[in-house]
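**Q** Coordinates for the following, if possible.
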Amino acid sequence: MSMKKSKRWTLAAFLALFIALFGFNSVAQATTYGIFADISSHQPDDVVFFKNLATNQVAGVVVKLTEGNGGYANDEAANQIAAAQAAGLKVSVYHYAWYNGADEARGEADFFASQAAQLGLSKDTLMVDDVENSAMTNPYDDTVTFQKELASLGYSNQATYSMASWFWKNKLPRNYPIWVANYGVDQPGVDNAAAWQYTNNFNGQHVDMSYDFSGIFTTGSTITSPPASNNADGGSTTTPPVNPDPLANTTPPASMSGIATINYIPNYGIALWNGYGANRTYAGRTLLTGTKWKVLAQTYAAGEYWYNLGGNQWIEGQYTNIDTGTIGVPAVNSNGASNSKVVTIKYVPNYGIALWNGYGTSRQYAGRTLMNATSWAVFGEKYVDGGFWYNLGGNQWIEGQYTTSPNGLPAFE
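**A** So this is what the prediction gives:
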């Protein structure tokens, strides 16, 4: 985000054929998601520029509208929005935040909304709050105030943008979809990101580009704020519960990445299987040590974790760097078997439950929620103060009473 202010066809054909035949989901295949650009006054406002983006598979743009409290409005925004729409791109808008205190937060929301109205943007336009200014003293509470004010003005389709480290340090709320900036890595590094800004120089054009995991930036899907979760303060999202450690989780563990690295004998590979457990059959190829693969699902069967790489293709977790399950990847039950180590959140539709560091009375809020009906691999359980707690990796726990298995898992008996 900004403040004021020739490939060979033979190789391309081969890769396309390879993917079509085998359906692999390596890290490099992230282009299965839509991509979108964010635009400010530093970029052109003519249709040619935006049509050029569209021909490069870009499906949406987020145009800078405002900054601060009445101090700056992008005078090229109207032309940029019109040109983007003419090029067939999904248009969203963003505000660069400066607020310190509730009054400033409300003022900036009013300014953002007024500019959107002047440009004739509909109330269902995706409105993004760009929160990354180091001068902010209380970005969490002030952002919640900004969001509430914007929603009160009829703009409830919102998202929050910032760098990954701010989300790791719990400096921002997650009651709306989050858009994470994290460069030079192979994944966003933050659980449940709706979008990931992965470069600030797309195709050498000095344009920021992002993957849209949720569709809200590219296909027009709408995600409004979910109600509050069962946080320690009774469900309020106006303050971070239990004063989470601002230095906690500054480096996400490998188990949170959703990426499995093959960990076997150098220069050798492991089998790729059709299916998993006792019913698996060899898929006819191997994955070499050191290669990385995006995990789409996981299950626990035949005494070990298995990772799905797309379709019915699976690998054994014991031969990867995350042999005991990966956090943030959907888990599937092992055909309902009693040795399943998977739980599904059972709460109120569109609500989430808190993820905790620790369990029982000593627990502390981990800074994020797990939505109703999502499934998670379980690495251990504890019975404390009359209820079961499930470990989702590291020191991260959930309360069993809010799952489909409130009375413990037979696999741990």
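**Q** which SS state does D142 fall under?
**A** Taken by DSSP: H, G, I helix; E, B strand; the rest coil, the conformation at D142 corresponds to helix.
**Q** May I have the phi/psi pair for the residue nearest to it when sequence neighbours are not counted?
**A** Nearest non-adjacent residue to D142, counting by Cβ to Cβ, 6 or more residues apart in numbering: A105, 4.3 Å away. All C-beta spots, glycine's among them, are computed from the backbone N, C-alpha and C. Main-chain torsions, A105, degrees, to the nearest 10: phi -60, psi -40.
**Q** residues touching A105, list them.
**A** A105 makes contacts with A97, Y99, D142, T143, T145, F146, E149, as judged by Cβ atoms under 8 Å, 6 or more residues apart in numbering.
**Q** of those residues, closest to W293?
**A** T143 (35.4 Å; Cβ to Cβ).
**Q** Now do the same contact list for the closest one.
**A** With Cβ under 8 Å, 6+ apart, T143 has these contacts: A97, A105, D129, V131, T160, L172, P173.
**Q** swap in L53?
**A** A37, V61, A87, L89, V207.
**Q** Please identify the helix or strand for it.
**A** If you go by DSSP states H and E, L53 is part of helix 47-55.
**Q** tell me the mean pLDDT for that helix?
**A** Per-residue pLDDT values over helix 47-55 give a mean of 86.
**Q** cool, and stretch 76-92?
**A** For stretch 76-92, the per-residue pLDDT averages 94.
**Q** rewinding a little: dump the contacts of A105 to TSV, plus pLDDT and secondary structure.
**A** Putting the contacts of A105 into TSV (pLDDT from 0 to 100; DSSP: H, G, I helix; E, B strand; the rest coil) gives the following:
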residue	pLDDT	secondary structure
A97	96	coil
Y99	96	coil
D142	96	helix
T143	97	helix
T145	96	helix
F146	97	helix
E149	96	helix
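**Q** Check whether the spatially most central residue of the chain sits in a helix, strand or coil.
**A** Centroid-nearest residue in the chain, with Cα atoms, centre = their mean: A193, separated by 1.1 Å. Secondary structure state of A193, per three-state DSSP, is coil.
**Q** Model confidence for it, exactly?
**A** 89.
**Q** any chance you could map the helices in the chain?
**A** 9-22, 47-55, 77-86, 102-118, 139-152, 164-168 (DSSP state H).
**Q** out of these, which comes closest to Y300?
**A** Across the helices of the chain, closest to Y300 is helix 9-22 (Cβ to Cβ), at 25.7 Å.
**Q** What's the mean pLDDT across the closest one?
**A** Mean predicted confidence for helix 9-22 is 44.
**Q** start at 36 instead
**A** Sounds good: first residue 36 from here, last item helix 44-57.
**Q** care to break the protein down by domain?
**A** With domains defined by automatic domain parsing, the chain comprises 62-260, 261-292+361-448, 294-354.
**Q** Give me the distance between the two termini of the shortest one.
**A** In terms of Cα to Cα, to the nearest Å, the two terminal residues of domain 294-354 are separated by 13 Å.
**Q** about what we covered before: which of the domains of the chain has the lowest mean pLDDT?
**A** Among the domains of the chain, domain 261-292+361-448 scores lowest, with a mean of 67.
**Q** how about I380, what does it touch?
**A** G387, I388, L405, M406, N407, A408, T409, S410, W411, I433, Y437, T438.
**Q** The fifth one against T439, yeah?
**A** No - if you go by Cβ atoms under 8 Å, N407 and T439 don't touch, sitting 10.9 Å apart.
**Q** Need the overlap of contacts for the two.
**A** With Cβ under 8 Å, 6+ apart, N407 and T439 have common neighbours K381.
**Q** ok, the two, which is more surrounded?
**A** N407 (18 against 13; other Cβ atoms under 10 Å).
**Q** Now do the phi/psi pair for the residue lying closest to the more buried one once chain neighbours are set aside.
**A** Spatially, and ignoring its direct neighbours in sequence, N407 is nearest to Y382 (4.4 Å; Cβ to Cβ, 6+ apart). With angles defined as degrees, to the nearest 10, Y382 sits at phi -140, psi -150.
**Q** now Y382: how far from Q115?
**A** From Y382 across to Q115, the span is 41 Å (Cβ to Cβ, to the nearest Å).
**Q** between these two, which one's more packed in?
**A** Per other Cβ under 10 Å, whichever of Y382 and Q115 has more neighbours is Q115, with 25 against 19.
**Q** how about that one, what does it touch?
**A** Contact partners of Q115, counting by Cβ under 8 Å, 6+ apart, are I74, Q78, D80, F85, V96, V98, N109.
**Q** try G319
**A** So G319 contacts L307 (Cβ under 8 Å, 6+ apart).
**Q** The strand ranked longest in the chain pairs with which strands, parallel or anti?
**A** Longest strand in the chain by number of residues (criterion: DSSP state E): strand 93-102. Partners of strand 93-102 in the sheet, by DSSP bridges, are strand 69-74 (parallel), strand 107-108 (antiparallel), strand 125-131 (parallel).
**Q** closest one to G346 among those strands?
**A** strand 69-74 (21.1 Å).
**Q** List the buried residues for that closest one?
**A** G69, I70, F71, A72, D73, I74 (16 or more other Cβ atoms under 10 Å).
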